[in-house]
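In: just a sequence and a predicted model for now, questions to come.
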2 protein chains.
Amino acid sequence: MRIAELSRRSGVSIPTIKYYLREGLLPPGEPTGRNQATYGPEHLARLRLIRALREVGGLPVARIAEVVAALSNPEATGHELMGCAHRAVIRDPGRDTDEPGWRRARAEASDLVAELGWRVHPEAPALDLLADVLATLREVGYEAPLDHLPRYAEAALTVARAEVATAAAQPGRAGVMTGVVLGTVLGERLLAALRLLAHEHVSALGDDPPSCD
Amino acid sequence: MRIAELSRRSGVSIPTIKYYLREGLLPPGEPTGRNQATYGPEHLARLRLIRALREVGGLPVARIAEVVAALSNPEATGHELMGCAHRAVIRDPGRDTDEPGWRRARAEASDLVAELGWRVHPEAPALDLLADVLATLREVGYEAPLDHLPRYAEAALTVARAEVATAAAQPGRAGVMTGVVLGTVLGERLLAALRLLAHEHVSALGDDPPSCD
């Protein structure tokens, strides 16, 4: 298909498609003339993936480029891809890792994972995110949620089991790899949406929609 | 305290504090001279809250301003504050709500909440976020996670129950209001961090940390 059709079917504008081509997020099409190229279903699938990561996942283009590079690399392992997906979901820059309060929280994060019996690498980036949250809750003096850590962990484990099994069940290597990325990024937003709806339900706040006007 | 001490104790730079004062995120201090003012513990607490929402929650300043305005308004209800917190956590712009695929997903989101028996306003903004995710999963052809919706919902409900109860148990109106905001924003990152760690544990991927190099 021509670029116009690719744009129409993917919902991504032609200038944006050209930008992705320049930045290497999208592989070049098959040249059909001096200034023309034709694109296949793999281009359409890639654009839909980029759009999902961008519009729903809220990922910056630089992080999408890393994920896409790992997806396109035939030697990348599922583990590497999970690392890219994790890094994309953990927003930087996070907190200053030199602060004593943060260092204590980081140790606490490692202890928590050990207590849960989870097999996690000691340098997993999600431990830094967990430390960010723990350090901040202490700093603002709102430590009450920490009493519920086992409940958070149980909820996280339930969802993670389903997500990993779902990705692993996809057909072919490409299917599994795409499943890891989509499960990580879109699964987070799915859980986030349901959590907000559950807040509203549990607090039974009345008949007006939650608004901020 | 003077602005220099406020900066040191809050971890927020003096230019940033001045910016927050200009933008109304921070109330003015007590004037002590032509170009000097003194600040109290309420300024320190407010700065720590802003820093938490910004560094860990990743919220844009405009959304923090809305949350802070609702917190400072003595007539704001917990419901309004929840609305602000939800809106802050749901990243905009999201998807184009005129697309037929999105309209279908939005109807599906309402149906899902009805099936769960959750009491949620039909215009709750989190239903739009849920529709974003559902429409996108269908579009990229990765519908498998939808089989696990009941499990996501159960996990979300477990966490939401703990969060709402925790916020409600805070002392005083100001305590409850701050609890709603912190619980919504930091609770999301806490769950996100644990979910990523659970992914790593469940997939038992080996001895290297997840990286993206």
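Out: Yep, that arrived. Numbering: from 1, shown residues only, chains lettered A, B, ... in the order given.

In: for the helix or strand residue A:21 falls within, buried residues please.
Out: Taking DSSP states H and E as the criterion, residue A:21 maps to helix A:14-23. Residues of helix A:14-23 classed as buried: A:16, A:17, A:20, A:21 (neighbour count, 16 or more other CB atoms under 10 Å in any protein chain shown). Yep, even glycine has a C-beta here, placed from its N, CA and C like the rest.

In: including distance to residue A:171, could those go into TSV?
Out: Listed next are the buried residues of helix A:14-23 as TSV, based on distance: CB to CB, whole Å:
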residue	distance to residue A:171
A:16	30
A:17	28
A:20	26
A:21	28
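
In: give the burial count for residue A:66, as a bare number.
Out: 17 (other CB atoms under 10 Å in any protein chain shown).

In: my bad, should have said residue A:109
Out: 25.

In: distance check, residue A:137 against residue A:165.
Out: Computed as CB to CB, to the nearest Å, the residue A:137 to residue A:165 distance reads 31 Å.

In: who has more neighbours, these two?
Out: Higher neighbour count among residue A:137 and residue A:165: residue A:137, with 22 against 14, using other CB under 10 Å.

In: now name the helix or strand holding the more buried one.
Out: helix A:125-139.

In: same deal with residue A:42?
Out: helix A:41-51.

In: cool, and residue A:106?
Out: helix A:100-116.

In: what is the rounded mean pLDDT of that helix?
Out: Per-residue pLDDT over helix A:100-116 has a mean of 96.

In: can you show me the CA trace of stretch A:122-132 as PDB?
Out: Provided in PDB are the C-alpha atoms of stretch A:122-132 (Å, rounded to 0.1, in the frame of the first residue of the first chain):
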ATOM      1  CA  PRO A 122      19.200  -7.100  43.000                       C
ATOM      2  CA  GLU A 123      19.600  -4.400  40.300                       C
ATOM      3  CA  ALA A 124      16.100  -4.700  38.800                       C
ATOM      4  CA  PRO A 125      15.100  -1.100  37.800                       C
ATOM      5  CA  ALA A 126      11.600  -1.700  39.400                       C
ATOM      6  CA  LEU A 127      13.400  -1.800  42.800                       C
ATOM      7  CA  ASP A 128      14.400   1.800  42.200                       C
ATOM      8  CA  LEU A 129      10.900   2.700  41.400                       C
ATOM      9  CA  LEU A 130       9.700   1.000  44.600                       C
ATOM     10  CA  ALA A 131      12.300   2.800  46.600                       C
ATOM     11  CA  ASP A 132      11.100   6.100  45.000                       C
END
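
In: contact partners of that stretch?
Out: Here stretch A:122-132 makes contact (CB atoms under 8 Å, 6 or more residues apart in numbering or on different chains) with A:83, A:86-87, A:90, A:94-95, A:97, A:102, A:105-106, A:108-110, A:112-113, A:120, B:55-56, B:189-190, B:192-194, B:196-197, B:200, B:209-211.

In: now swap in stretch A:68-86 and tell me
Out: Contacts of stretch A:68-86 (CB under 8 Å, 6+ apart): A:24-25, A:27, A:46, A:49-50, A:63, A:66-67, A:124-126, A:174, A:176-178, A:180-181, A:184-185, B:196, B:199-200, B:203, B:205-206, B:208-212.

In: what angle separates the helix-or-strand element of chain A with minimal mean pLDDT from helix A:125-139?
Out: Least confident helix or strand, chain A: helix A:78-89 with a mean of 87, by mean pLDDT, DSSP states H and E. Orientation of helix A:78-89 against helix A:125-139 (axes from the mean of the first three to the mean of the last three CA atoms, to 10 degrees) gives an angle of 30 degrees.

In: how far out from the middle of the chain is helix A:78-89?
Out: Counting by CA atoms, centre = their mean, to the nearest Å, helix A:78-89 is centred 8 Å from the centre of its parent chain.

In: again with stretch A:46-57
Out: Distance, centroid of stretch A:46-57 to centroid of chain: 11 Å (CA atoms, centre = their mean).

In: repeat that for stretch A:66-81.
Out: Relative to the chain's own centre, stretch A:66-81 is displaced by 14 Å; criterion: CA atoms, centre = their mean.

In: start and end of that stretch, how far apart?
Out: Stretch A:66-81 has an end-to-end distance of 9 Å (CA to CA, to the nearest Å).

In: report the central residue of chain A.
Out: Geometric centre of chain A, nearest residue: residue A:185, 2.8 Å, by CA atoms, centre = their mean.

In: what's the helix or strand for it?
Out: helix A:172-203.

In: and the angle from that helix to helix B:78-89?
Out: 160 degrees.

In: check contacts around the closest residue to residue A:36 other than its chain neighbours.
Out: Leaving out its chain neighbours, the residue that sits closest to residue A:36 by CB to CB, 6 or more residues apart in numbering or on different chains is residue A:2, at 7.3 Å. With contact set as CB under 8 Å, 6+ apart, residue A:2 has these partners: A:36, A:38, A:39.

In: can I get these in a markdown table including secondary structure?
Out: Listed next are these as a markdown table, based on DSSP: H, G, I helix; E, B strand; the rest coil:
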| residue | secondary structure |
| --- | --- |
| A:36 | coil |
| A:38 | strand |
| A:39 | coil |
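
In: how about JSON lines for those, with pLDDT added?
Out: Shown next, in JSON lines, are the contacts of residue A:2 (pLDDT from 0 to 100):
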{"residue": "A:36", "pLDDT": "90"}
{"residue": "A:38", "pLDDT": "96"}
{"residue": "A:39", "pLDDT": "97"}
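
In: nearest to chain B among the residues you listed?
Out: residue A:39 (17.0 Å; CB to the nearest CB).

In: what about that closest one, neighbour count?
Out: 24.

In: then the one 5 residues further on?
Out: Residue A:44 has 16 neighbours, counted by other CB under 10 Å.

In: so what's it up against?
Out: A:1, A:6, A:9, A:10.

In: now restrict those residues to buried residues only.
Out: A:6, A:10.

In: narrow the contacts of residue A:44 to those in helices?
Out: A:6, A:9, A:10 (DSSP state H).
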